[in-house]
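Peer 1: Next comes the sequence, and after it the predicted model I'd like to discuss.
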Amino acid sequence: MDDYPLLNLFWTIMVFFIWILWFFLLFRIITDIFRSHDLGGWGKTAWLVVILLLPFLGVFIYLIVRGGGMSHREMQLVQQQDEQFKAYVRDAAETHPHSKADELAKLSDLRSKGVITDEEFQQAKVRVLS
C-alpha cells in the first residue's frame, strides 16, 4: 500500500464510478431509442449507429436533440402501466366472487336488519352453500 498513495486510490474509484455511470447513461439512451414511438425503424437505426460508432459524441448529441422528451416518454410509459394495473385490479375484483362466509355474513346482516325474512334467509343460504 506504500507505493499506491491515497490520492491515486481516490482517482481510481472516481474513474470506476464515472465508467459505471457512463454505461448506465448509454443503456438508458438505447432503451429510450427502442421505446420511442415517434421514431421509425430508420431513425432508430441511425441513432444506434451514431451512438455505437461515436459513443461520447453520439450520446451528447442525443441528449441535446432528444433529451427533453426522455422524461416525457418515461412518464407516459409509467402512466400507461399504472392504468393497465388498475384495470387488471378492477377486473380481478369483479370476476372473483366473494367467499361463502362473506355471503352468509351479508345475508345474516340483512336478516337482522329485517330486510329479508327467515324463510328468504334459509333459501338464500341454501343457494350460497350449494
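Peer 2: Cool, the structure landed.
Peer 1: For the helix or strand containing Val49, buried residues please.
Peer 2: Secondary structure from DSSP states H and E places Val49 in helix 41-53. Across helix 41-53, burial judged by 16 or more other C-beta atoms under 10 Å covers 47, 51. Bear in mind the C-beta positions are built from the backbone N, C-alpha and C, glycine included.
Peer 1: Using PDB, list the CA coordinates for that helix.
Peer 2: Written as PDB, here are the backbone C-alpha positions of helix 41-53 (Å, rounded to 0.1, in the frame of the first residue of the first chain):
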ATOM      1  CA  GLY A  41     -37.000   1.900 -38.000                       C
ATOM      2  CA  TRP A  42     -34.600   4.000 -40.000                       C
ATOM      3  CA  GLY A  43     -34.500   6.700 -37.300                       C
ATOM      4  CA  LYS A  44     -33.800   4.200 -34.500                       C
ATOM      5  CA  THR A  45     -31.100   2.600 -36.700                       C
ATOM      6  CA  ALA A  46     -29.400   5.900 -37.400                       C
ATOM      7  CA  TRP A  47     -29.300   6.900 -33.700                       C
ATOM      8  CA  LEU A  48     -27.900   3.500 -32.700                       C
ATOM      9  CA  VAL A  49     -25.200   3.700 -35.400                       C
ATOM     10  CA  VAL A  50     -24.300   7.200 -34.300                       C
ATOM     11  CA  ILE A  51     -24.200   6.100 -30.600                       C
ATOM     12  CA  LEU A  52     -22.200   3.000 -31.300                       C
ATOM     13  CA  LEU A  53     -19.700   4.500 -33.700                       C
END
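Peer 1: what does the least confident helix or strand in the chain by mean pLDDT rub up against?
Peer 2: Least confident helix or strand, the chain: helix 100-113 with a mean of 82, by mean pLDDT, DSSP states H and E. Under the contact criterion C-beta atoms under 8 Å, 6 or more residues apart in numbering, helix 100-113 has outside partners 98, 116-118, 120-121, 124-125, 128-129.
Peer 1: What subset of those residues is buried?
Peer 2: For the contacts of helix 100-113, buried by 16+ other C-beta under 10 Å: 116, 121, 124-125, 128.
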